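Undergrad: Quick one: sequence plus predicted model below, questions after.
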Amino acid sequence: MKLGLQLGYWGAQPPSGVGELVDAAEAAGFDAIFAAESWGSDAFGPLAWWGSRTTTVRLGTSVAQLSARTPTSCAMHALTLDHLSGGRAILGLGVSGPQVVEGWYGQPFAKPLARTREYVDIVRQVLAREGPVTSDGPHYRLPVGGTGLGKALKPITHPLRADLPIWLGAEGPKNVALTAEIADGWLAIYYSPRLAPMYDTWLDEGFARPGARRTRQDFEIAATCQVVLTDDRVAAIAQLKPTIALYVGGMGAPELNFHAQVYRRMGYEREVDEIGRLFMSGRKAEAAAVVPDEMVAETMIIGDADHARREVKRWEDAGVTMLLVTARTASEVTDIGALLN
């Protein structure tokens, strides 16, 4: 099992102490560090800045939003980071949701599967640099019509790696199958080892498609998993309930919340509905109180070191190759790293 440190995206201000977290992760043998974006800080800048003090960890976006950049612009970011890091970049991509895509980026959200397939194809063309980059669209046509002066181009800078890994953030069955077909890894949020047979069915559909890029043997599954080492498991679970309530009840429209759908598939339909109703009416504390303990524990590892080691083994047996964790202090990073040594 590998470990990845998720730095996340910034709140109202840049976070403090990130350098110490990154240093601790590399010293503890973490495989990678990741940065995210929402509608504030971007994913690539922090990786270039904090990654400059590292030598071994991979540097991944988890995730860079498709609508934030054209595919060629995204490829430019990725190839630049890959050169600066000596071949350690991971390009993690995701479609985000309609509230962000249409409300922040001013683009239509329709046909996310088709857009993802087309986007990844263009990025791979840039990285391969085998000829001018073209696309028949319909979402990212290159060259685009207009003046009639547009010209298909190859990147000036030769990419360091044509096979720079592309991982996709995906939550639903069709997205996960597409990920297995066209990507090198899956960034799974709110993964439940209990549902591994269901995920395997989705993944196997993608692996079986003609031209699939990977097989189960060389495909990475990086699952977001909060690891909390504590002797007071009950208190730790209680502290995490507001976060679950936020993502289930507030991160997305009531009509379309991908995180809520994930928990519904786990069997928490009634709880999800009630959390959403309370959260959207401004009763956030009550929404958190509705979250049952098992709803938290199912997608996280919380307990003492012995419990955590057993759980890591269970997640590994379920097919996960990397746990993507967060931490507030360098000592937490060190302690989590010690679980695997």
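TA: Yes, it's here.
Undergrad: Quick check: which element contains Ile244?
TA: Per DSSP states H and E, Ile244 falls inside helix 233-249.
Undergrad: Can you tell me which helices and strands that helix packs against?
TA: helix 258-265, helix 269-280, helix 284-290, helix 293-297, strand 301-303 (3 or more CB pairs under 8 Å, 6 or more residues apart in numbering; DSSP states H and E). The way it works is simple: take the backbone N, C-alpha and C, and place the C-beta from them, glycine included.
Undergrad: Of these, which stretch is the most buried?
TA: strand 301-303 (a mean of 22; mean count of other CB atoms under 10 Å).
Undergrad: Taking helix 233-249 as reference, get the angle to the lowest-mean-pLDDT helix or strand in the chain.
TA: Between all helices and strands in the chain, the lowest mean by mean pLDDT, DSSP states H and E belongs to helix 258-265, at a mean of 84. Orientation of helix 258-265 against helix 233-249 (axes from the mean of the first three to the mean of the last three CA atoms, to 10 degrees) gives an angle of 120 degrees.
Undergrad: chain center to helix 258-265: distance?
TA: Chain-centre distance of helix 258-265: 16 Å, with CA atoms, centre = their mean, to the nearest Å.
Undergrad: Show me what that helix packs onto, helices and strands only.
TA: For helix 258-265, the packing partners by 3+ CB pairs under 8 Å, 6+ apart come out as helix 233-249, helix 269-280.
Undergrad: contacts for that helix?
TA: 97, 171-172, 189-190, 195, 198, 247-249, 251-252, 271-272, 276, 295 (CB atoms under 8 Å, 6 or more residues apart in numbering).
Undergrad: that older thread, kindly present the helices and strands packed on helix 233-249 as JSON lines, with separate columns for distance to Ala238.
TA: Below are these laid out as JSON lines (distance: least, CB to CB, whole Å):
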{"stretch": "helix 258-265", "distance to Ala238": "18"}
{"stretch": "helix 269-280", "distance to Ala238": "15"}
{"stretch": "helix 284-290", "distance to Ala238": "9"}
{"stretch": "helix 293-297", "distance to Ala238": "8"}
{"stretch": "strand 301-303", "distance to Ala238": "11"}
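Undergrad: So which of the ones you listed is nearest Gly19?
TA: Of all the helices and strands packed on helix 233-249, strand 301-303 sits nearest to Gly19, with 25.8 Å by CB to CB.
Undergrad: The closest one pairs with which strands?
TA: Strand 301-303 pairs in its sheet with strand 227-229 (parallel), by DSSP bridges.
Undergrad: For the partner strand, give me every contacting residue.
TA: Strand 227-229 has contacts (CB under 8 Å, 6+ apart) with 236, 240, 300-305, 308, 323, 325, 332, 335-336, 339.
Undergrad: Just name the lowest-scoring one in the residues you listed, pLDDT-wise.
TA: pLDDT across those is lowest for Leu339, at 89.
Undergrad: so that one makes contact with Gly303?
TA: No. Using CB atoms under 8 Å, Leu339 is not in contact with Gly303; the gap is 11.3 Å.
Undergrad: Strands of the stretch 51-200 of the chain, start to end?
TA: 58-61, 64-65, 89-94, 166-169, 185-188 (DSSP state E, counting those that start in this stretch).
Undergrad: helices or strands up against the third one?
TA: In other words, strand 89-94. Applying 3+ CB pairs under 8 Å, 6+ apart, we find strand 89-94 packed against strand 32-35, strand 58-61, strand 64-65, helix 71-84, helix 112-128, strand 166-169, strand 185-188.
Undergrad: mind running it again at 7 Å?
TA: With contacts taken as 3 or more CB pairs under 7 Å, 6 or more residues apart in numbering; DSSP states H and E, strand 89-94 sits against strand 58-61, strand 64-65, helix 71-84, strand 166-169.
Undergrad: any chance of those in a markdown table, with mean pLDDT too?
TA: Formatted as a markdown table, the helices and strands packed on strand 89-94 follow (pLDDT from 0 to 100):
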| stretch | mean pLDDT |
| --- | --- |
| strand 58-61 | 98 |
| strand 64-65 | 98 |
| helix 71-84 | 98 |
| strand 166-169 | 98 |
